[in-house]
Structure formats: structure tokens, C-alpha cells
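Enquirer: Turn this into a structure:
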Amino acid sequence: MSEDRPTLPPVRLHSDAELARDALATPLLTRAVRLARWAGPGTRVGAGGELVDEQLPVAAEELGLGAEDDGPAYASEAWRLAVDAGLVEVQEPQDDDAEYGTVSAGENLELIVSGGPQDILAIWQDALEAVHADATAPVLEDLAGAIGEDGEIDFETLDWDPEAESEFLDGVLGNLYLLTVSEGGAGDEPVPLPALAASMIVPDDMGEPTDDVLEQVSDAMMRLDDQFRLLEPIGLVEYRPVDEALMAEEGEEPAPPVDDEDVSRYGMVKLTPLGLYGVRARMREAGINAPAVGDLADKNADALLDGLAHYPELSARAETEQWLARRTPADSARELLTAAHGADAGAPLRRLHCQQALTLVGPQAEPAVRAVLDDAELGGLARVWLAERGASDVPPPPESMIFWLAIDTIAAQLDTEGDLEELRDLVEGLVGQHGGFFDAAWRVDHPATADVLEAMGRLHPDKRAAKEARKAAFKARSRPGG
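Expert: All right, here's what the predicted structure looks like:
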């Protein structure tokens, strides 16, 4: 019965203003901005735009990192990001005999101060792309030995496939995103690195992983440990690295984790709110349907009810609340009821979401609801809504409407693929409330009658009732137009 479903559950994003503030506060972008403002006529860069070695200690001092230890390396990393994010613009040497190039302020540097949230997020997204590329690059020690006489990188010597490396990291981030946004998933809790690595390596149908597979998982963990260490300073993730005491000596295997505390020592990672935004943007760029709560707020009621069809309950409510906030209660009720009409396969679920949305509208919906009391498709829904609000003088429904609403309700519940036990209780309750239910139900003029009766035959725990349901389904299919 169901239509095509979104690839992923909808994500609840922070506002653009909040995300922009988070982006500006990330350590790596903060350092890049500081170096871009520090750069001037005396700044010298190499052929690739990198700061010359002599200026790295000075840049490190500017960042408060000190000229010794790792300070120059962090300064170099921040400078590369400033170049990649358009915060500085590199000029090639003007003279043939000039040894170094120079720099000037990039157009994005002014946007850091004067731009709106979307401008800031676009700059941050550029920065993320640069860090992502660094995270999937080969180790520098390996890279040095793979540069040929012509200056080109010999990828075969490296045994490194840049496309495969990028796809692997994107797959990991996609799995982490799914675990974060799915109801019943990790949510705001960090995910153990071994589980995340295994999600990419261990086949779904594999019972006990082989030694070879476990070794691949271990290798993937070490690779991800390095990558998440790079991705944390740009604000994509919160990361607790692998405990260095657990790093295996060459030729040895690390002992598997034995309890929750032990697992945490193998690395824990979660996407930040900014990370959710960034990963979603990358997935959408790749053509993946990754909805966000609020996407439907400016759409009409037809788009809302169709879009909610397979949203989890909490996300559907949040989306509906945003949609209602942009309309008056009376207009909302009329639009929702109009959109709930239909005989297509998705119509029962639209009516269910319409009824749920109307509960959020409040008493102002009553005139619109009373206006459809005689409507064959909406009259039952209207009576249920009025009864739940304790309304008076609600006309009793004709028997045909009672059975039509029963079929429509079960059709909608079947399409949600919700709790099977709840659905079984609903089926059993409807049959128990109405004597001769199946004798009347097969005659209901509803497009889903036969499918619903067949499902009731599978779901009803009583063998006799289940058999009656299957016989009724056969009758429904056999009647003209069935």
C-alpha cells in the first residue's frame, strides 16, 4: 500500500543562527580567521599557497600555540584552511625570479563579520570539504615515497584509492547520521567506534565474524580514529579517541572489549548539531533524500500530509506544529480536511495524519470539522474528533460509515508499519465490538477493503475469525469493481 519512502528519517536541525554561531566557534575555523586577519604584505607563501617554514613559528605565536612542539603544525593546518575557505587569496609571484607569492584578504573574510547565517554556514561547509579531503588523504610518510620524477603521485605505489577512501568515510558518517536521527537509535548518545567500524565491514547476514573480518574492523577503527581526530576541530563530531594504551604492538592483536567501560576506551563518537547539518548537506549534494523537520512548513496541506506519511511520530508532530504556526486555525482545518480526501493508496494514511493534526489545532477547528459530517470519507473522522473533544449534538453515524471508517483506519495503520501487537489488538477489538463484522465489511466500498480483510486474516489470533476474514477478502475481490 505504501508509496516510495524517504531514504532517511527527518532530522531536527538547530536554527541557522545557532548553527552559524557554532561554526564561528569551531577551533579550526577560529584559527583560520585569526591567521587571515594577521596576514599582510609581508606574508610569504609557497607555490601551493602554504606559509613558508620561516613564518610558521610566528603564525603559531599569533594563535597562542607557541613556536615549539606542535604549534607550527597547527598553524600550518589553520593557514591551509584559510586558503581553502576563501579567507585569504594567494597571488602568484609577479616576477619570474620571485621566490615566493603573496596574499591578500579573501572575499569570504569580510562575510565572517558582515554576512548572514547562510553565508557563515557556506564558508564552514567549504572548510568541512577541505578537512574531509585531508582526512581521506594518504599518510605523509607514504606520500613522500610515491612522488615520481615528474612530480605526479603514483597511486598504485601508494595502494590508495582516493574515491574509495572518500566513499568509506562518507559511509561511516552516513551510518552515524542514521543512528542519530532514527527513533530508538543513538540520539544524543555517542556511538562506540568498534560498532561504527563493524557497520561498514561485517556483512548483515554474518553470524560470528571471522578472524579476517575482525582484523579488517580493527584496521578500520585505527583509520577512523585518525580521521575523527581531524574532523573534531572543525566541529563535525565530538570524539573520545582510542586509548593509546590499547594500541596494539606490531604483530599483536588488541584484546576485544569486555564491558561498556572497556568499549568506551576503544573510541566514542557523536555528531554535533553542526555535524548533522554538515553531513545532511553532503548527502543532499550527493542526491540522497535527507529531509529535515520544517521542510514542509511552507508547503500546502497536500504536501504536508503526503510528506508525513512515513515520518516517525515525534518528527511528524514537530513538522505539523511548524506548519500550523504559519496559518490561522480555521484555515489550517479547512486545508487539512480538503487534502484528506482521496481514493488513492496513500489516502488512508493522509486521513490519519489529518486527524492527528486537527488535535493540535484546537476548538477553532470545530466549524470546519462539522462541515464534513455528511462527507462519506471524512464524516467518521469528524465524529471521532468531535467526540474526543466532548462536543454535543453529534449525529450518530450510519452503519455504512462505521465500517468504512474501520477499513480506512486499519489501512492507514498497515501503511505505517507500526507496532504489530497494537495493530493485532485493534483488529481483535473491532471484530469483537461488531457482531457479524466480516459479513458487513466485505461489502464496504473502499479501495483497500480486500487488502485490509486479508491482513486481518493474518493478524487475528482466533483461527475461526481469521478464516472468516480470508473468506470475506475473497468475496470483496470477487464483487464487481472489487
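
Enquirer: Show me where the stretch 51-200 of the chain has its strands.
Expert: Along the stretch 51-200 of the chain, counting by DSSP state E, counting those that start in this stretch, strands occupy 88-91, 102-105, 191-192.

Enquirer: can you list the weak-confidence ranges in the stretch 251-400 of the chain?
Expert: Applying pLDDT under 70 to the stretch 251-400 of the chain flags residues 251-261.

Enquirer: please redo it, this time with the cut-off set to 80
Expert: Applying pLDDT under 80 to the stretch 251-400 of the chain flags the ranges 251-263, 310.

Enquirer: For it, just list every one of the strands.
Expert: Under DSSP E, counting those that start in this stretch, the stretch 251-400 of the chain gives strands at 268-271.

Enquirer: ok, back up a step: single out the most deeply packed of the strands of the stretch 51-200 of the chain.
Expert: strand 191-192 (a mean of 20; mean count of other C-beta atoms under 10 Å). Backbone N, C-alpha and C define where each C-beta goes, glycine included.

Enquirer: Which other helices and strands does that one contact?
Expert: strand 268-271 (3 or more C-beta pairs under 8 Å, 6 or more residues apart in numbering; DSSP states H and E).

Enquirer: Can you show me the CA trace of the strand it packs on as PDB?
Expert: Presented in PDB, the C-alpha positions along strand 268-271 are these (Å, rounded to 0.1, in the frame of the first residue of the first chain):
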ATOM      1  CA  MET A 268      33.300   7.100  21.200                       C
ATOM      2  CA  VAL A 269      31.900   9.500  18.600                       C
ATOM      3  CA  LYS A 270      28.800  11.500  18.100                       C
ATOM      4  CA  LEU A 271      27.700  14.100  15.500                       C
END
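
Enquirer: For it, buried residues please.
Expert: Using 16 or more other C-beta atoms under 10 Å as the test for burial, strand 268-271 gives 268-271.

Enquirer: How far does it sit from its chain's centre?
Expert: A distance of 15 Å separates the centroid of the chain from that of strand 268-271, by C-alpha atoms, centre = their mean, to the nearest Å.

Enquirer: Adjacent strands (with direction) for it?
Expert: strand 191-192 (antiparallel), strand 237-240 (antiparallel) (DSSP bridges).

Enquirer: ok, back up a step: tell me the one of the buried residues of strand 268-271 nearest Ala82?
Expert: The nearest member of the buried residues of strand 268-271 to Ala82, counting by C-beta to C-beta, is Leu271 at 24.9 Å.

Enquirer: Surely the closest one is in contact with Val279?
Expert: Yes: applying C-beta atoms under 8 Å, one finds Leu271 in contact with Val279, separated by 6.5 Å.

Enquirer: Residues that sit against both of those two, list them.
Expert: Common contact partners of Leu271 and Val279 (C-beta atoms under 8 Å, 6 or more residues apart in numbering): 173, 176-177, 236.

Enquirer: Which one (most neighbours) among those residues?
Expert: Counting neighbours by other C-beta atoms under 10 Å, Leu236 comes out on top of the shared contacts of Leu271 and Val279 with 27 neighbours.

Enquirer: quick one: buried residues of the strand or helix carrying Gln227?
Expert: Using DSSP states H and E, the element containing Gln227 is helix 211-231. By 16+ other C-beta under 10 Å, the buried positions in helix 211-231 come out as 214, 216-218, 220-225, 227-228, 230-231.

Enquirer: So what's the residue count around the closest residue to Arg229 other than its chain neighbours?
Expert: Leaving aside its sequence neighbours, Arg229 sits nearest to Pro241 (C-beta to C-beta, 6 or more residues apart in numbering; 6.1 Å). Neighbour count of Pro241, defined by other C-beta under 10 Å: 16.

Enquirer: Dump the shared contacts of Leu271 and Val279 into JSON lines; add distance to Gly64 and pLDDT as well.
Expert: Output for these, formatted as JSON lines (distance: C-beta to C-beta, whole Å; pLDDT from 0 to 100):
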{"residue": "Leu173", "distance to Gly64": "31", "pLDDT": "96"}
{"residue": "Leu176", "distance to Gly64": "32", "pLDDT": "95"}
{"residue": "Tyr177", "distance to Gly64": "34", "pLDDT": "95"}
{"residue": "Leu236", "distance to Gly64": "23", "pLDDT": "98"}
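
Enquirer: out of the residues you listed, what pair is the most spread apart?
Expert: Those two in these that are separated most widely, counting by C-beta to C-beta, are Tyr177 and Leu236, at 10.8 Å.

Enquirer: which residues do these two both contact?
Expert: Shared contacts of Tyr177 and Leu236, defined by C-beta under 8 Å, 6+ apart, are found at 271, 279.

Enquirer: what's near enough to touch the nearest residue to Ala297 once chain neighbours are set aside?
Expert: In space, Ala297 comes closest to Gln322 once its chain neighbours are excluded; the distance is 4.3 Å by C-beta to C-beta, 6+ apart. Residues near Gln322 by C-beta under 8 Å, 6+ apart: 293-294, 296-297.

Enquirer: ok, which stretches of the stretch 351-482 of the chain are helices?
Expert: 366-370, 379-388, 399-416, 420-433, 437-441, 449-459, 463-478 (DSSP state H, counting those that start in this stretch).

Enquirer: Could you report the pLDDT at the residue lying closest to Glu62 once chain neighbours are set aside?
Expert: Among residues not flanking Glu62 along the chain, Trp38 sits closest, at 4.9 Å (C-beta to C-beta, 6+ apart). At Trp38, the model reports a pLDDT of 94.

Enquirer: Verify the stated contact: Trp38 with Ala59.
Expert: Yes: using C-beta under 8 Å, Trp38 makes contact with Ala59 at a distance of 7.1 Å.

Enquirer: count of residues packed around Ala476?
Expert: Neighbour count for Ala476, taken as other C-beta under 10 Å: 23.

Enquirer: swap that for Glu321, sorry
Expert: Counted with other C-beta under 10 Å, Glu321 comes out at 14.

Enquirer: which ones are touching it?
Expert: The neighbours of Glu321, taking C-beta under 8 Å, 6+ apart as the test, are Leu360.

Enquirer: ok, now with 6 Å
Expert: By C-beta atoms under 6 Å, 6 or more residues apart in numbering, no residues touch Glu321.

Enquirer: And it, how close does it get to Ala290?
Expert: From Glu321 across to Ala290, the span is 21 Å (C-beta to C-beta, to the nearest Å).

Enquirer: hmm, back to that, columns distance to Glu68 on top of the buried residues of strand 268-271, output as CSV?
Expert: CSV is the format used below for those (distance: C-beta to C-beta, whole Å):
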residue, distance to Glu68
Met268, 31
Val269, 31
Lys270, 33
Leu271, 34
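
Enquirer: Which of those residues sits closest to Leu81?
Expert: Comparing these against Leu81 with C-beta to C-beta places Leu271 closest, at 20.2 Å.

Enquirer: What sits closest to the closest one if chain neighbours are left out?
Expert: Sequence neighbours aside, Thr180 is the residue nearest to Leu271 in space, at 5.3 Å (criterion: C-beta to C-beta, 6+ apart).

Enquirer: What number of residues are in the vicinity of that neighbour?
Expert: 20.

Enquirer: Nearest to Gly106, out of the helices of the stretch 351-482 of the chain?
Expert: Comparing the helices of the stretch 351-482 of the chain by their distance to Gly106 (C-beta to C-beta), the top pick is helix 399-416, with 50.3 Å.

Enquirer: send the alpha carbons of the closest one over as CSV?
Expert: Extracted in CSV, the C-alpha atoms of helix 399-416 (Å, rounded to 0.1, in the frame of the first residue of the first chain):
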residue,chain,number,x,y,z
GLU,A,399,-23.7,1.8,9.9
SER,A,400,-22.0,2.1,6.4
MET,A,401,-19.8,4.9,7.8
ILE,A,402,-18.8,2.9,10.8
PHE,A,403,-17.5,0.0,8.7
TRP,A,404,-15.9,2.3,6.1
LEU,A,405,-14.0,4.1,8.9
ALA,A,406,-12.9,0.7,10.3
ILE,A,407,-11.4,-0.3,7.0
ASP,A,408,-9.8,3.1,6.5
THR,A,409,-8.3,3.1,9.9
ILE,A,410,-6.7,-0.4,9.5
ALA,A,411,-5.5,0.5,6.0
ALA,A,412,-3.7,3.5,7.5
GLN,A,413,-2.2,1.5,10.3
LEU,A,414,-1.0,-1.1,7.9
ASP,A,415,0.8,1.5,5.9
THR,A,416,2.6,2.9,9.0
